[in-house]
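>>> sequence-free structure coming up:
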């Protein structure tokens, strides 16, 4: 029984390590996205445009939910995640 527990513990550590590495990649991609957002923010400020573009926001939320569904993710979960990303992006564009 002890051997089985330690085997399970090792597998759990290995899988959690993979999650940690994947989370780091997610953060790298998010940081890259925010660098692009900053550039868009500068353009919008120069052109005196609002940070929020409702038409674009709706299109992004719809397409990302669909992309997520195509990957086996829940549409509502993907929508919530991207609402947070877009809110943060708009905040950065204002500054």
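Yep, it's here. Keep in mind that this is a model prediction, so the values were computed, not measured. Numbering: from 1, shown residues only.

>>> and the helix or strand of the chain at the bottom of the mean pLDDT ranking, what does it pack onto?
Within the chain, no helix or strand scores below helix 2-46, which has a mean of 92 by mean pLDDT, DSSP states H and E. Here helix 2-46 is seen to pack against helix 75-94 when contacts are counted using 3 or more CB pairs under 8 Å, 6 or more residues apart in numbering; DSSP states H and E. Bear in mind the C-beta positions are built from the backbone N, C-alpha and C, glycine included.

>>> mind listing what's buried in the helix it packs on?
78, 82, 85, 86, 89, 90, 93 (16 or more other CB atoms under 10 Å).

>>> let's have those in JSON lines, adding distance to residue 32 and pLDDT.
Below are the buried residues of helix 75-94 laid out as JSON lines (distance: CB to CB, whole Å; pLDDT from 0 to 100):
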{"residue": "78", "distance to residue 32": "19", "pLDDT": "98"}
{"residue": "82", "distance to residue 32": "16", "pLDDT": "98"}
{"residue": "85", "distance to residue 32": "12", "pLDDT": "98"}
{"residue": "86", "distance to residue 32": "16", "pLDDT": "98"}
{"residue": "89", "distance to residue 32": "13", "pLDDT": "97"}
{"residue": "90", "distance to residue 32": "18", "pLDDT": "96"}
{"residue": "93", "distance to residue 32": "16", "pLDDT": "95"}
